[in-house]
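Sequence isn't available, so here's the structure alone:
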């Protein structure tokens, strides 16, 4: 159907269900084995330097705490633009990711310090649980876009997905996507930690892509496990195969549990080996994180001056 | 006939006993050339891991009450006493000394632990105090632990060499990364077994065995390390170590006396607090 830009489904719930149910199952042992094998790749010296800078440019610098204040969000924005104040060669991060009410604070401050090119992402649709009426979810998203968010990170209704109501999840994503239109990029959070199996991760990935997601994102960061390498591998494979079927490039955003440079580089290896180097850009791959940026900066210092760095030389948050 | 079960002497990092991440070990022989053990040959990455473990243990250990720290150090002395025979045997094997000399060394070490255990809750009273000032304020000065301190064990006496460096550093609330004696490392790893059973929180003491010349430069330049006791390092390296340590203003000291308050206070920082009177 031209409505979706592809002919995989005709828009009816039965065609969606039959498409998802006919997806091949994930070889659990194989996926875990491959992710583990790719995790042993050794990335050193100049390759490591390049990987670190790439990872920094892909970070969605996130603060999603009940205790967030405008002050904290502003300091995070300053850090997003100049991650290391002593070194101007460090690239800026991919985006700032905040709760709805902080979007305006972040947007205004970024604009005032020269960070116009850094997008602000808002978590939306009753994040992190997704338990609200559709009306509230739409209003929530509308509010974020009006405040200046150019990326929307929505959560899916995992309860509906797990009870097989694919149509209802599909419609929700479609409606939010329609609301986003050209104004905002839509990232769909699958919350893989609650989906129980890799088969479900694959199904949910396709479901989100079919419904119009620009990005599929692993987790909210509030549930553990989050972005484990095998889950990201399964999602990247779905993105690769979806590209082969439709010609559309969908982005992937692992979030939650990626705290060290080593973890981040493992993710980059997964991308390179699954979807290929075309996806190694902030346009198609992001890493949702907060503590990770400090570790990337410390590793960068270690590479440039040859001594192990200390947390005393990066920000507290 | 029974085959002896030989001990694998491993590292002690963050409360665990890992092998070196590099997979290396080196052969240790006694003075007559007989094989003794294959201790781990730690790499710079083991040192990095040890510093991370020490750093994360610092907040808990430095906030523990001084009394509690003293009790735990005393507990280590108790555990050492019970393991005297093991230490005596290891010291005899490596140093080639008589039974009574080895026993004396173990006993002196135990006494030294007890001595420093006693200091733990007396440092701030004897070295801090209230300062006379002309104004409506209370003014106190108290010594506080620095952070992560590197200790380079000397090459003369296995167990005593360790104790001299380690006990004063942790008594005040610092956490330590110890580079064991290259030739006499057995007591260091056996001491780790004592530490592991003495309620000392994981990461407060981390022990590396291996090549000092390989590890010391990384320790000296590490920005997370706040001080180093270089009493056990080759004197020729002093200049190099101090130069590498300037970047983060490390406290780097070489001590002469076995037991002294100076060993404790050298790795402490004085903090002065002004507090208004009458509010």
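Thanks, I have it. Keep in mind it's a predicted model, so treat the numbers as computed, not measured.

Count residues in the vicinity of residue 14, would you?
Since you didn't name a chain, this refers to chain A. Residues near residue A:14, counting by other C-beta atoms under 10 Å in any protein chain shown, number 10. C-beta: built from backbone N, CA, C; applies to glycine.

wrong one, chain B
16.

count of residues packed around the nearest residue to it once chain neighbours are set aside?
Of all residues not flanking residue B:14 in the chain, residue B:53 sits nearest, at 3.4 Å (C-beta to C-beta, 6 or more residues apart in numbering or on different chains). Neighbourhood size, residue B:53 [other C-beta under 10 Å]: 23.

Where does residue B:53 fall, secondary structure wise?
helix B:44-63 (DSSP states H and E).

What are the contacting residues of that helix?
With C-beta atoms under 8 Å, 6 or more residues apart in numbering or on different chains as the test, helix B:44-63 has contacts from A:308, A:311, B:11, B:13-15, B:18, B:20-22, B:40, B:69, B:144-145, B:147-148, B:170, B:173-177, B:201-204, B:206, B:208, B:210, B:214-215, B:218-219, B:222, B:224-225.

Can you tell me which of those residues are classed as buried?
Among those, those buried by neighbour count (16 or more other C-beta atoms under 10 Å in any protein chain shown) are A:308, B:11, B:13-15, B:20-21, B:40, B:69, B:144-145, B:147-148, B:170, B:173-177, B:202-204, B:206, B:208, B:210, B:215, B:218-219, B:222, B:224-225.

So which bits of the stretch 101-250 of chain A are right by chain B?
Within the stretch 101-250 of chain A, not a single residue sits near chain B (C-beta under 8 Å from any C-beta of the partner chain).

Could you find the closest non-adjacent residue to the residue in the stretch 101-250 of chain A that chain B sits nearest to?
Scanning the stretch 101-250 of chain A for the residue nearest chain B gives residue A:224, at 19.5 Å (criterion: C-beta to the nearest C-beta). Of all residues not flanking residue A:224 in the chain, residue A:193 sits nearest, at 6.1 Å (C-beta to C-beta, 6+ apart).

can I assume the one you found sits in a strand?
No - applying DSSP: H, G, I helix; E, B strand; the rest coil, one finds residue A:193 to be helix, outside a strand.

my guess is it contacts residue A:221, does it?
No - the criterion here is C-beta atoms under 8 Å, and residue A:193 misses it with residue A:221 at 9.8 Å.

any shared contact partners between those two?
residue A:256.

between these two, who's got more neighbours?
Between residue A:193 and residue A:221, residue A:221 has the larger neighbour count (other C-beta under 10 Å), namely 25 against 21.

Just give the number of residues close to the closest residue to chain A within the stretch 1-150 of chain B.
Here the stretch 1-150 of chain B gets closest to chain A at one residue, residue B:48, 5.7 Å apart by C-beta to the nearest C-beta. Here the number of neighbours of residue B:48 (other C-beta under 10 Å) works out to 16.

do stretch A:304-316 and chain B meet?
Yes - applying C-beta under 8 Å from any C-beta, one finds stretch A:304-316 touching chain B at A:306, A:307, A:308, A:309, A:310, A:311, A:312, A:313.

For the fifth one, list the residues it contacts.
What it means is residue A:310. A:298, B:222, B:223, B:224, B:248 are the contacts of residue A:310 under C-beta under 8 Å, 6+ apart.

Tell me how far the fourth one lies from residue B:54.
Distance from residue B:224 to residue B:54, counting by C-beta to C-beta, to the nearest Å: 8 Å.

Tell me which stretches of chain A form strands.
A:59-62, A:95-98, A:120-124, A:151-155, A:185-189, A:215-217, A:251-253, A:287-289 (DSSP state E).

what lines up beside the fifth one in the sheet?
Right, the one you point to is strand A:185-189. strand A:151-155 (parallel), strand A:215-217 (parallel) (DSSP bridges).

Dump those to CSV, plus mean neighbour count.
Listed next are the strands paired with strand A:185-189 as CSV, based on neighbours: other C-beta atoms under 10 Å in any protein chain shown:
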stretch, mean neighbour count
strand A:151-155, 27
strand A:215-217, 28
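
Report the distance from stretch B:119-137 to the chain centre.
From the chain centre to the centre of stretch B:119-137 is a distance of 27 Å (C-alpha atoms, centre = their mean, to the nearest Å).

same deal with stretch B:162-172?
On C-alpha atoms, centre = their mean, the centre of stretch B:162-172 falls 5 Å from that of its chain.

could you give the mean pLDDT of that stretch?
Averaged across stretch B:162-172, pLDDT comes to 96.

In strands only, show me the buried ones among the contacts of helix B:44-63.
Taking DSSP E, the ones among these that sit in strands are B:144, B:145, B:148, B:175, B:176, B:177, B:206, B:208, B:225.

Quick check: buried residues in stretch A:304-317?
So for stretch A:304-317, counting by 16+ other C-beta under 10 Å, buried means A:307, A:308, A:309, A:310, A:314.

can you give me the end-to-end distance of that stretch?
Using C-alpha to C-alpha, to the nearest Å, one end of stretch A:304-317 lies 23 Å from the other.

For the stretch 1-150 of chain B, what lies in contact range of chain A?
Taking C-beta under 8 Å from any C-beta as the criterion, the contact residues of the stretch 1-150 of chain B with chain A come out as B:48, B:51, B:55.

just the contacts of residue A:310 now: which is nearest residue A:78?
When the contacts of residue A:310 are ranked by distance to residue A:78 (C-beta to C-beta), residue A:298 comes first, at 18.6 Å.

May I have the phi/psi pair for the nearest residue to the closest one once chain neighbours are set aside?
Distance criterion C-beta to C-beta, 6+ apart; nearest residue to residue A:298, sequence neighbours excluded, is residue A:309 at 4.2 Å. Note on residue A:309: backbone dihedrals following degrees, to the nearest 10 are phi -90, psi -180.

I'd guessed residue A:309 sits against residue A:301; true?
Yes - Residue A:309 lies in contact with residue A:301 (C-beta under 8 Å); the separation is 4.2 Å.

Report the beta-bridge partners for the spatially closest residue to residue B:251 that is not a sequence neighbour.
Once flanking residues are discounted, residue B:251 sits nearest to residue B:227: 3.8 Å by C-beta to C-beta, 6+ apart. Per DSSP bridges, residues listed as beta-bridge partners of residue B:227: residue B:149, residue B:251.

Residue B:227 against residue B:267, yeah?
Yes - look at residue B:227 against residue B:267 with C-beta under 8 Å: they come within range, at 4.7 Å.

joint contacts of the two?
B:146, B:149, B:174, B:251.

Please report how far residue B:264 lies from residue B:122.
Where residue B:122 is concerned, residue B:264 sits at a distance of 10 Å (C-beta to C-beta).

Looking at these two, which one has more neighbours?
Set residue B:264 next to residue B:122 and count neighbours by other C-beta under 10 Å: residue B:264 wins out with 23 against 14.

Give me the neighbour count for the closest residue to chain B within the stretch 151-300 of chain A.
Nearest to chain B, among the residues of the stretch 151-300 of chain A, is residue A:298, at 8.8 Å (C-beta to the nearest C-beta). Each residue near residue A:298 was counted by other C-beta under 10 Å, and the total is 21.

what sits against it?
Contacts for residue A:298 were tallied using C-beta under 8 Å, 6+ apart; they are A:261, A:309, A:310, A:311, A:313, A:314.

Check residue B:199 too.
Residue B:199 neighbours (C-beta under 8 Å, 6+ apart): B:72, B:75.

in stretch B:38-45, what counts as buried?
For stretch B:38-45, a neighbour-count test (16+ other C-beta under 10 Å) marks B:39, B:40, B:41, B:42, B:43, B:44 as buried.

Kindly report the same for stretch A:180-189.
A:180, A:184, A:185, A:186, A:187, A:188, A:189.

What score does the closest residue to the second one other than its chain neighbours have for pLDDT?
Spatially, and ignoring its direct neighbours in sequence, residue A:184 is nearest to residue A:152 (4.9 Å; C-beta to C-beta, 6+ apart). The predicted local distance difference test score for residue A:152 is 97.
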